[in-house]
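> Okay, sequence plus prediction incoming.
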Amino acid sequence: MVLRRRAAAAGAAAVVTVGFTALIALGTYAASGVPRQSGNHPGLSGGTVPAAYRPLIEKWGALCPEISAPMLAAQLYQESGFDPQAKSPAEAYGMAQFLEATWAKYGTDGNGDGKRDIWDPSDAIASAATYDCALARDVAQVPGDRQANMLAAYNAGPYAVIDNHGVPPYRETQGYVKNIQALARSFTAPSTGVVIGLSRQAAGAIYYAQTKLGTDYLWGGEGLPSQNGRFDCSGLTQAAYDSVGIKLPRVANDQWYAGEHPSRDQLRPGDLVFFATDLNDPRSIHHVGIYVGGGYMIDAPHTGAKIRYDTIDQRDYIGATRVTPDGAEALPVRGTDGSITAGQVPTGAGQAAAGASPTAPSGQGPAKS
């Protein structure tokens, strides 16, 4: 969305349009993402977490078999967007959004400085993993998927998982488990050598974007009649995927987490491609386009330009996302006050007390204690 200038490749429109038409002629295939890595502790995908926190998440994500670095990253992103100064209306604090009472029991001195500081990322990340693993031990005898049971205990409390012999039949809890595990796939390093066919959603999103070629750019534009059908970069990608029934967040750095992250040589038409001012920090993502093949994308570049074909080979290219319905559905939607208004339980309300009641979570989620 940020104003930016990029040289358009001469003749790109004709070349890419022909290539895309030929690709469509080959047919479309069932959507699928890059498989997860095997093993209990899959690695983090590059560029998905701020570089300063990556070693901490990798270290503490291996604390127990039920968690992983991608899953821990997904929780931290869901809770705070990796903001160590986050404070929610529920009076939950720090990157991991602990209530003070829960912190008193599970707060961990992650950096060995002799203090347990709820605002310190080193301590918050260590404490989130410690809390997860404590819940995993509480429900270790429950049959079924051990990670799913742990996440259910995080949301609804261990007693609810024990009494229901697994993930309880609460819509909120089942949604939380599904969403965190789906979001974790966005943080998981992709496998190599995987060839993915063009999905119907990807083909439809590209078709939509092609119909907007030549449209004037508008900062904040979502293609509304009141905006004369104009878009900015993330408004265009949001509308393109909305045309095929996939709801994306409004801004580019949230769209980044709507699926797994193929490497440059794994790109397929329909992938979203992203650009950032700091390639080590996804929070600095400022531009997005829709990849169409051959090293080109369709994007809404900047004020004074029109929607067009551009090369993706720019110095600020940070990576790509293969959008999936599950990945998009898992994304939290944050209110201006930091609360989560869709996609997940409200910020700061996700950590259930170790002795919480087995009753179904309310709309505010179980209390932490």
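Sure thing, it's come through.

> Doesn't Ala126 belong to a strand?
No: counting by DSSP: H, G, I helix; E, B strand; the rest coil, Ala126 falls outside a strand, being helix.

> Local confidence estimate at Ser45?
In this model, Ser45 is scored at 86, pLDDT.

> Next: Ser263.
89.

> on contacts alone, who are the packing partners of the helix or strand hosting Asp310?
For Asp310, the host element (DSSP states H and E) is strand 308-311. Identification of packing neighbours for strand 308-311 by 3 or more Cβ pairs under 8 Å, 6 or more residues apart in numbering; DSSP states H and E yields helix 12-25, strand 296-299. Yep, even glycine has a C-beta here, placed from its N, CA and C like the rest.

> and the nearest residue to Gly107 once chain neighbours are set aside, how many neighbours does it have?
Closest residue in space to Gly107, ignoring its immediate chain neighbours: Arg116 at 4.0 Å, by Cβ to Cβ, 6 or more residues apart in numbering. By the measure other Cβ atoms under 10 Å, the count of residues near Arg116 is 17.

> Hmm, Arg116 is touching Lys105, no?
No: Arg116 is beyond contact range of Lys105, at 10.8 Å (criterion: Cβ atoms under 8 Å).

> and the helices and strands packed on strand 308-311, which one is worst for confidence?
Among these, helix 12-25 scores lowest, with a mean of 40.

> The helix or strand following that one - what's its average pLDDT?
Using DSSP H and E, the helix or strand that follows helix 12-25 in sequence is helix 54-60. Average pLDDT, helix 54-60: 96.

> got the buried residues for helix 54-60?
Neighbour counts over helix 54-60 (16 or more other Cβ atoms under 10 Å) mark Arg54, Leu56, Ile57, Glu58, Lys59, Trp60 as buried.

> The third one contacts Ile67, doesn't it?
No: counting by Cβ under 8 Å, Ile57 sits too far from Ile67 to count as a contact (10.4 Å).

> Outline the domain layout of this structure.
Residue ranges for the domains of the chain, per automatic domain parsing: 12-32+196-328, 54-189.

> Of these, give the one that comes closest to Pro42.
domain 54-189 (4.9 Å; Cβ to Cβ).

> now the helices: where do they sit in the stretch 101-250 of the chain?
121-138, 146-156, 158-163, 171-186, 200-211, 233-242 (DSSP state H, counting those that start in this stretch).

> Tell me which of those helices approaches Gly221 most closely.
helix 233-242 (5.0 Å).

> List the buried residues for that closest one?
Residues of helix 233-242 classed as buried by neighbour count (16+ other Cβ under 10 Å): Cys233, Ser234, Gly235, Leu236, Thr237, Gln238, Ala239, Ala240, Tyr241.

> Taking helix 200-211 as reference, get the angle to that helix.
Computed with axes from the mean of the first three to the mean of the last three Cα atoms, to 10 degrees, the direction of helix 233-242 lies at 130 degrees from that of helix 200-211.

> What helices and strands are in contact with helix 233-242?
Partner elements for helix 233-242 (3+ Cβ pairs under 8 Å, 6+ apart): helix 200-211, helix 252-255, strand 285-293, strand 296-299.

> Contacts for it, please.
1, 201, 205-206, 208-209, 212, 220-223, 231, 247-252, 255, 272, 287-290, 298-301, 307, 323, 328 (Cβ atoms under 8 Å, 6 or more residues apart in numbering).

> Report the buried members of the residues you listed.
1, 201, 205-206, 208-209, 212, 221-223, 231, 248-249, 251-252, 255, 272, 287-290, 298-301, 307, 323, 328.

> Give me the below-cutoff pLDDT ranges for the stretch 101-250 of the chain.
191-198 (pLDDT under 70).

> 90 instead?
185-186, 188-201 (pLDDT under 90).

> What distance do you get for the residue nearest to Gly107 to Glu91?
18 Å (Cβ to Cβ, to the nearest Å).

> How about Asp113?
Asp113 sits 25 Å away from Glu91, going by Cβ to Cβ.

> next one: Ala182
Using Cβ to Cβ, Ala182 is found at 28 Å from Glu91.

> Glu58 now?
30 Å.

> Closest to the centroid, which residue in this protein?
Tyr257 (2.6 Å; Cα atoms, centre = their mean).
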